[in-house]
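Engineer: I'll drop the sequence and a predicted model, then ask my questions.
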Amino acid sequence: MDFGLSEDQRLWQASLSAVLQHVAPLERVRAFAAGTEPVARDVWSALAEAGAAGLLVPERHGGLGLGLLDAALTVEALGGQAAPAPALGVYLASLALASAGRESQQARWLGSLASGQALAGVGLSEAVLGGRDGAGVEVREGRLSGRALFVIDSAAADLLIIADREGGLHLVEADTQGVHASPLTTIDLTRRWGEIVLEGARAEPLGPSDGVVLSRLRDAAWTLLAADMLGASQTLLDKAVAYAKERRQFGRVIGGFQAVKHMCAEMAAALEPCRALVWYAAYAFDALPDEASLAAAHAKAHLSEVSRFVARTATEVHGGIGITDLLGLHFWFKRVGVDRQILGGPESVRDLAARLQGLDDQAA
Amino acid sequence: MDFGLSEDQRLWQASLSAVLQHVAPLERVRAFAAGTEPVARDVWSALAEAGAAGLLVPERHGGLGLGLLDAALTVEALGGQAAPAPALGVYLASLALASAGRESQQARWLGSLASGQALAGVGLSEAVLGGRDGAGVEVREGRLSGRALFVIDSAAADLLIIADREGGLHLVEADTQGVHASPLTTIDLTRRWGEIVLEGARAEPLGPSDGVVLSRLRDAAWTLLAADMLGASQTLLDKAVAYAKERRQFGRVIGGFQAVKHMCAEMAAALEPCRALVWYAAYAFDALPDEASLAAAHAKAHLSEVSRFVARTATEVHGGIGITDLLGLHFWFKRVGVDRQILGGPESVRDLAARLQGLDDQAA
Amino acid sequence: MDLALSPRYAAFAKEVRAFLLDHRSQWPGPGASRAEIIAWQTQLITAGYAARTIPAAYGGHGAAPDILESRLIAEAFIDTGAPGPLGGQGVSMLVPTLLEVGDEAQKQAWIGPTLRGEILWCQGYSEPGAGSDLASLTTRAYEDGEDFVINGQKIWTSTAHLADMIFCLVRTEPDAPKHDGISYLIFSMKTPGIEVRPLRTMTGHAEFNEVFFTDVRVPRTQVVGGRGAGWRVANTTLKHERGMLGDPHAAEARLAAITKLMREETLGGARLIDNPVLRDRLMRLQGEVLAMKANGLRLLTLNLRGESPGLAGLIVKLQGCELNHQLAALAIDALGELGILYHDSPRLRADGVWQQRYMFDLGLIIGGGTAQIQKNIIAERGLGLPREPKLAAS
Amino acid sequence: MDLALSPRYAAFAKEVRAFLLDHRSQWPGPGASRAEIIAWQTQLITAGYAARTIPAAYGGHGAAPDILESRLIAEAFIDTGAPGPLGGQGVSMLVPTLLEVGDEAQKQAWIGPTLRGEILWCQGYSEPGAGSDLASLTTRAYEDGEDFVINGQKIWTSTAHLADMIFCLVRTEPDAPKHDGISYLIFSMKTPGIEVRPLRTMTGHAEFNEVFFTDVRVPRTQVVGGRGAGWRVANTTLKHERGMLGDPHAAEARLAAITKLMREETLGGARLIDNPVLRDRLMRLQGEVLAMKANGLRLLTLNLRGESPGLAGLIVKLQGCELNHQLAALAIDALGELGILYHDSPRLRADGVWQQRYMFDLGLIIGGGTAQIQKNIIAERGLGLPREPKLAAS
């Protein structure tokens, strides 16, 4: 019985933090956000060198063969730094390939994902949430047609994992004929999201089309998005507390005003249990199959609510300067804003959580 | 263009307040709550003498022929005092009779309602919200059978206004054969609610059975319940502010702590617009037929939310003493708790508000 | 209580509408030239629909104040869609200040051209170190012959990059108590030594500027209201600013736009409005909008009657800004994944206005007195709770 | 990270469960006599499932402390439904205090009988004028020969009407600084001059009492931890109290009960769970319960590892009490009109427990350190923000 991080995991957090401070300081984040690079190669190379890219790739394919908790800790650190890094796509693709890929698919991709050379985009949105603007992907004779929106990390992807409308997953090479990628620009410029148009593109099925792999990927994505929010929210809180200790008005530091103190306390009180919730969801993904989906849904939904509160409150503690570009606080504000909505805002995710437990009206 | 109280209305508020402080001080409220009187005759007689009973009764029947705003101001004052007074039943019955009663029905009842001699119970719950525990009333050959729950002011009623399942309204004399009344005890002991069992009881229809009278009564009831919450919440706020100015801890009055100041400010900020909203709903009931139902629904739902917040926060400002019986703060706490749920909690009422505007799924 | 207009006012409202619609051809559109804007504003002043109660001697229309007329005029602009009279900090803040405390020469020189739109102003109050605690400002102006020489920095000067002139608080008496050492100066933004730097916010736009003063020379005659009286003068105008935020019309318009959006957009084939949880949030906000609208009517009546607005007025900024922010939040949430698109993204809805508002409104909650300062004001002035206590020297 | 138990602990857990189930016939039921309760408690101490780590010399079981064993024992009681070991303020607050600062005679005299349930205690800390600011208490004890003579009043003494003994804070040094003049006394509730008056709360029940002292004589030897050291002694025990509130097991049980309620109750023919707005609230609270449960596991592990719980511990009271209150609020709202019934009303659901909790929980939010005090603690101890400043003399 031990519900805490291992010594290895703490060391990993520390070395990751050192790497990120070196390779993705705020100036690098700003430059990425202001530019048009599809991916920050330097950041990802440094992370891959440290071992981050292959966390979820089995050892026999050159990875570290670790669990979702390790990936979540990593994504938490990325969120904490608002780092431009295509980790989500790589982790989800690694999971999909490792759990449902054929040996040849694994051999082809897992090694280069683990080394950081290959990048992956993952499109689950329509299968999880339903389509809009005519989006959704259909399979005809093994080829994919249609449109996938909000594809994660698609900008520089070498391979794409795309869900069809029925919940089947497909592996598509990004440079295959009939694949057209274009960017969807969000408020958060530290990461890239895209739209993929498929016109009879060649694809390989990934696992059975019974929706099981989709559920696993969805659960992992929810958990990792929650981890990103956890890291970003912790940074927002830390910055607010630091600012409150330093900023003076009316002859005293503003952190001495009870109103400001209580805003900080309320952020901490809301956020601290979220850390354990994210750990729990990540641990459940690998160790408690019966609870995994529900825990992932709650991690996603609850972190979405708490992060919105923290983002807003941390900005208010900063006063006017918080809404400017000067301190860059908005990078974190927007980061959690995007994590909240991707693959379902809290209302949608809670609705799915109810269904997972048979609490919807259909189950009457 | 004038959206404020008239000089007459302000004078009425002042004289009402004087009457209530005299006839329904906290000791009287306590005695009523602790006892089994079905109605506080002394309180109602004094109010009737001041003119409160006949506010909505037309002048030709001995009343004052005023509008719902005047009734709302009166109920607000009753809520402000947590006064035990069967006003809701009398006002709703007066409205029903004046708007839909036959001349003979009016002649029989309105005068004695206006003089304070007759009291009325009103049962709309199942028609507005749907039934439970097998409740609901049916009409067969002009006689009523079934069960009405949460009948307003039924304890000492001489006449009953009961809605059937189809939305038709009926006038039933309380001492008619086949009418059985029993109390439903709520957290709020300053008013009485009841359950009426009807076994083929003789009844007279009140207006056409097209639901129009029911809607009007529902709108009036929602508005008056909102007014009661307004008055009770204002008292809660006033008591919290007074206590914060007086109670000392750590060498200063607690109202000097920013946390306590802000709790009071948040209550005031939430509550103050509610006053105008209640006025608007009451005014709309008589003057703006197209807006009346929506305004009534929002007054009910919004006051329910704000009152819960105020009741809780005012109690917290009082600290431990707030939860005891010593100051009697709980009478107001419970009063708004009951007003919130009667004829629909805020979720139900907002759902009805959406339907009123054609925003429900059925209207797609 | 009667929301109907008396015949005289009903006729007035009709007359304003008719005038605006009749002059539709002269409405300056989005790309209008400054000359066209000035011409329209001049027309409005002549007709009495702009600068209505400002004395004709200073370039206004010279009508007697009538709050209901002013309100009907404002509503006529909203209803007809006619471009409103010029606003901005010159008209809304400087002009009232000059009328109240300016000397005759200042009134003559500045009010008319400001009203007509010939001079645009910006406001130099806040500084990086003086936000909520404005009186601690440190921009210095020392005397040198007939001039003040100004050094320092201002922030949040929204129209500094467009403005011809600035009204500005500077510390002229560094040794006086902090509220007594401040003067209110007006001067040209073309004065040498002024540098304007755009201040980009989280919306991605530069809605504000920073303004830097290096040895900026301003004649000493440019003080308004007397040297060292700047704190009092500024408070005259801050009063005007606080009334501007939290207009229930804006919230009503937002609510209508969100309702439309939720009826039109679909996800997985279902209209957003058919999502009961989102619909409940919409209804909840509709209730709050209605409450603020009714509160606005109540405030108008209190004004008409010459009664004190009290709490009903003190809470408007806090509640109104929060409500607008919550409306934007609902729109984003209803849009779901589409609610995070921005800039010039494909599939962006409503030009990203909800995303922009969600962020910008947070600035409004903070600006013009943070929510915390507003709560202090409500508690102290509205409820009579103790003022923030003096601290022991530490 | 591994939530599975090692074989040794798994065996231990099994053993505890087996013991409890094997002794089912000795479980004291609701109407059990004091003798039966004491017998069961004595059994539990002997078996090591109560007073486990308290030295055998003082009447405990004398095992080495092992947090996981304690947890497994607690879970076994919950899972089997066996009546738990005696709690109350004597066991949870007085005993740890005596162990830490009591003298040998006090330990010998009081710990054993308290553990076995032979002596019931109440706590005399708060006073009407000393709540959050406990150190300002004014109950006086002056010396008279070998005795202290006590006059004053205590409040919130929950079990005073049942208790045999009281541990009580009194001011013995009126001229000392306020934290230094307090002593911690223990004495019999049968001492002449003590009057207990029930204190009825908003729930309608008298969950607390007021206790009045008039010339109550207590031997001076009954001071624990030294005369004038009462503030430090009391803080030893307050520490224990704060950890008691906000147990995630209780929240989980409430959530399950509400879910069941919402599946079973109908309105207008539809199950309450099928109301999407109420269901969304249920799901939201489920997420919070899960977060607090996970936080509890994290705290347990931190304890097991001997690491500081930090923020994860400081926030438990604030978040846990609020969560319980919100759960009760949802139950009331889901019940709708039935959610206001109370006392012995017909149609009352679940004996009115949700209504009772909704009110009682508000007391828990306030008691044991109000939410405002909790936020001060989180901000100051958890985040290192400045302590409340000293005020200027006014």
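Structural biologist: Thanks, I have the structure now.
Engineer: what's whichever residue of the stretch 1-150 of chain C sits closest to chain A in contact with, if anything?
Structural biologist: Taking CB to the nearest CB as the measure, the point where the stretch 1-150 of chain C comes nearest chain A is C:D133, at 3.9 Å. All C-beta atoms are positioned from the backbone trio N, CA, C, and that covers glycine. For C:D133, the contacting residues are A:249-250, by CB atoms under 8 Å, 6 or more residues apart in numbering or on different chains.
Engineer: tell me the phi and psi of it?
Structural biologist: With angles defined as degrees, to the nearest 10, C:D133 sits at phi -90, psi 70.
Engineer: Please report how far it lies from A:I254.
Structural biologist: From C:D133 across to A:I254, the span is 9 Å (CB to CB, to the nearest Å).
Engineer: hmm, back to that, quick one, grab the pLDDT at the residue of the stretch 1-150 of chain C closest to chain A.
Structural biologist: On the pLDDT scale, C:D133 is placed at 89.
Engineer: Report the separation between it and A:E316.
Structural biologist: 16 Å.
Engineer: mind checking the SS state of residue 355?
Structural biologist: In the absence of a named chain, this looks at chain A. Here A:R355 is recorded as helix under DSSP: H, G, I helix; E, B strand; the rest coil.
Engineer: I was thinking of chain C, sorry if that wasn't clear
Structural biologist: From three-state DSSP, the assignment for C:Q355 is helix.
Engineer: Could you report the neighbour count for it?
Structural biologist: 28 (other CB atoms under 10 Å in any protein chain shown).
Engineer: Give me the nearest residue to whichever residue of the stretch 151-300 of chain A sits closest to chain B, chain neighbours excluded.
Structural biologist: Residue nearest to chain B within the stretch 151-300 of chain A (CB to the nearest CB): A:Q258, separated by 3.8 Å. Once flanking residues are discounted, A:Q258 sits nearest to B:Q258: 3.8 Å by CB to CB, 6 or more residues apart in numbering or on different chains.
Engineer: That neighbour against C:R387, yeah?
Structural biologist: No: here B:Q258 does not reach C:R387: they are 10.9 Å apart, not a contact under CB atoms under 8 Å.
Engineer: For these two, indicate the residue with more neighbours.
Structural biologist: Legend: neighbour count by other CB under 10 Å for B:Q258 and C:R387, higher for B:Q258 (23 against 11).
Engineer: Tell me where the model's unsure across the stretch 251-394 of chain C.
Structural biologist: Across the stretch 251-394 of chain C, the ranges flagged by pLDDT under 70 are C:390-394.
Engineer: at 80 what do you get?
Structural biologist: Scanning the stretch 251-394 of chain C for pLDDT under 80 picks out the ranges C:368-369, C:388-394.
Engineer: Kindly report the residues of it close to chain A.
Structural biologist: Proximity of the stretch 251-394 of chain C to chain A (CB under 8 Å from any CB of the partner chain) is limited to residues C:265-270, C:275, C:277-278, C:329, C:332-333, C:335-347, C:355, C:359, C:362-363, C:365-367, C:370-372, C:375, C:388, C:391.
Engineer: Could you rerun that using 7 Å?
Structural biologist: Within the stretch 251-394 of chain C, the positions adjacent to chain A are C:266-269, C:277-278, C:333, C:336-337, C:339-347, C:355, C:362-363, C:365-367, C:370-372, C:391 by CB under 7 Å from any CB of the partner chain.
Engineer: Return a PyMOL selection command for the buried portion of those residues.
Structural biologist: In PyMOL syntax, the buried subset of those is picked out as below (16 or more other CB atoms under 10 Å in any protein chain shown):
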select buried, chain C and resi 266+267+277+278+333+336+337+339+340+341+342+345+355+362+363+365+366+367+370+371+372
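Engineer: Figure out the length between the terminal residues of stretch C:162-182.
Structural biologist: From its first residue to its last, stretch C:162-182 covers 26 Å (CA to CA, to the nearest Å).
Engineer: Give me the buried stretch members for it, please.
Structural biologist: C:163-172, C:178, C:181-182.
Engineer: now swap in stretch A:174-194 and tell me
Structural biologist: Buried, per 16+ other CB under 10 Å, within stretch A:174-194: A:174, A:179, A:181, A:184-194.
Engineer: Quick check: mean pLDDT of that stretch?
Structural biologist: On average, stretch A:174-194 scores 97.
Engineer: residues in the stretch 51-200 of chain A within reach of chain C, list them.
Structural biologist: So the stretch 51-200 of chain A meets chain C at A:125, A:129-133, A:149-150, A:182, A:184-187, A:195 (CB under 7 Å from any CB).
Engineer: could these go into CSV alongside secondary structure?
Structural biologist: Below are these laid out as CSV (three-state DSSP):
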residue, secondary structure
A:S125, helix
A:L129, helix
A:G130, coil
A:G131, coil
A:R132, coil
A:D133, coil
A:L149, strand
A:F150, strand
A:S182, strand
A:L184, strand
A:T185, coil
A:T186, strand
A:I187, coil
A:E195, strand
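Engineer: ok, of these, which one's closest to D:N295?
Structural biologist: Sorting these by distance to D:N295 puts A:L129 at the head of the list, at 29.5 Å, by CB to CB.
Engineer: How many residues are close by the closest one?
Structural biologist: Considering only other CB under 10 Å, A:L129 is surrounded by 22 other residues.
Engineer: residues in contact with the residue lying closest to it once chain neighbours are set aside?
Structural biologist: Distance criterion CB to CB, 6+ apart; nearest residue to A:L129, sequence neighbours excluded, is A:G344 at 5.5 Å. Contacts for A:G344 (CB atoms under 7 Å, 6 or more residues apart in numbering or on different chains) come out as A:128-129, A:352.
Engineer: Make JSON lines from these and add distance to B:F333 to it.
Structural biologist: Listed next are those as JSON lines, based on distance: CB to CB, whole Å:
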{"residue": "A:V128", "distance to B:F333": "44"}
{"residue": "A:L129", "distance to B:F333": "42"}
{"residue": "A:L352", "distance to B:F333": "37"}
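Engineer: residues contacting A:E266?
Structural biologist: Contact partners of A:E266, counting by CB under 7 Å, 6+ apart, are A:313, D:375.
Engineer: Torsion angles phi and psi at it?
Structural biologist: Torsion angles at A:E266 (phi, psi; degrees, to the nearest 10) stand at phi -70, psi -40.
Engineer: just to revisit the earlier point, same question for the residue nearest to A:L129, what's its three-state structure.
Structural biologist: The local conformation at A:G344, judged by three-state DSSP, is coil.
Engineer: which of the buried residues of stretch C:162-182 are the two that sit furthest away from each other?
Structural biologist: Going by CB to CB, the pair spanning the buried residues of stretch C:162-182 furthest: C:D164 and C:K178, at 30.5 Å.
Engineer: what's the neighbour count on A:R140?
Structural biologist: By other CB under 10 Å, 9 other residues sit near A:R140.
Engineer: And the strands in the chain, which stretches?
Structural biologist: Just going to use chain A. In chain A, the strands defined using DSSP state E lie at A:120-123, A:136-140, A:143-152, A:159-163, A:169-173, A:179-184, A:193-202, A:204-205, A:248-249, A:252-253.
Engineer: nope, chain C please
Structural biologist: Taking DSSP E as the criterion, chain C carries its strands at C:121-124, C:140-144, C:147-155, C:165-171, C:182-188, C:194-199, C:208-219, C:223-224, C:266-267, C:270-271.
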